[in-house]
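*Asks:* could you look at this predicted model? Sequence included:
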Amino acid sequence: MPQEKIGSGVLMKNTYKQEGDSKPDLTGPVTVKVAGIEVEYEIAAWKKVATKEGKRLKVGDNYLSFQIQEKWKKDIPAAETVAASDDNVAF
């Protein structure tokens with residue numbers, strides 16, 4: 001899903017989540033520029049309820065906990081990945 005502008009993304013309901021599992025509640029893509037190159041990342045977010053008082057949260061407040069990681073590219077065969085890493089081996 002292409003983003004409207006660099007540095008923004010979307011979160012959508014995770015349709016693979018089942019009751020009681022630890023999969024994220026929301027997932028989505030984001031594109032950012034790193035050293036002038038556009039890089040795609042995946043965002044995963046979990047819905048949480050505060051159980052302790054904090055500076056910005058009170059007990060019972062809803063919030064999101066999230067993780068950002070590089071987008072997994074399933075279309076790259078494993079053989080290509082191994083061959084690419086062998087190029088830098090000194091003999």
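*Replies:* Received the coordinates, thanks. Numbers count the residues shown, from 1 in each chain.

*Asks:* quick check: residue 11 vs residue 33, distance?
*Replies:* 20 Å (Cβ to Cβ, to the nearest Å). Where C-beta positions appear, they are placed from N, C-alpha and C, glycine not excepted.

*Asks:* the two: which has the busier surroundings?
*Replies:* residue 11 (17 against 10; other Cβ atoms under 10 Å).

*Asks:* show me where the chain has strands.
*Replies:* 12-13, 26-34, 37-49, 62-70 (DSSP state E).

*Asks:* pull the distance from the second one to the chain's centre.
*Replies:* Centre-to-centre, strand 26-34 and its host chain are 7 Å apart (Cα atoms, centre = their mean, to the nearest Å).

*Asks:* repeat that for stretch 59-70.
*Replies:* Distance, centroid of stretch 59-70 to centroid of chain: 12 Å (Cα atoms, centre = their mean).

*Asks:* need the mean per-residue confidence for it.
*Replies:* Averaging pLDDT along stretch 59-70 gives 94.

*Asks:* quick one: contacts for the residue nearest to residue 63 when sequence neighbours are not counted?
*Replies:* Nearest non-adjacent residue to residue 63, counting by Cβ to Cβ, 6 or more residues apart in numbering: residue 48, 5.4 Å away. Under the criterion of Cβ atoms under 8 Å, 6 or more residues apart in numbering, the neighbours of residue 48 are 62, 63, 64, 65.
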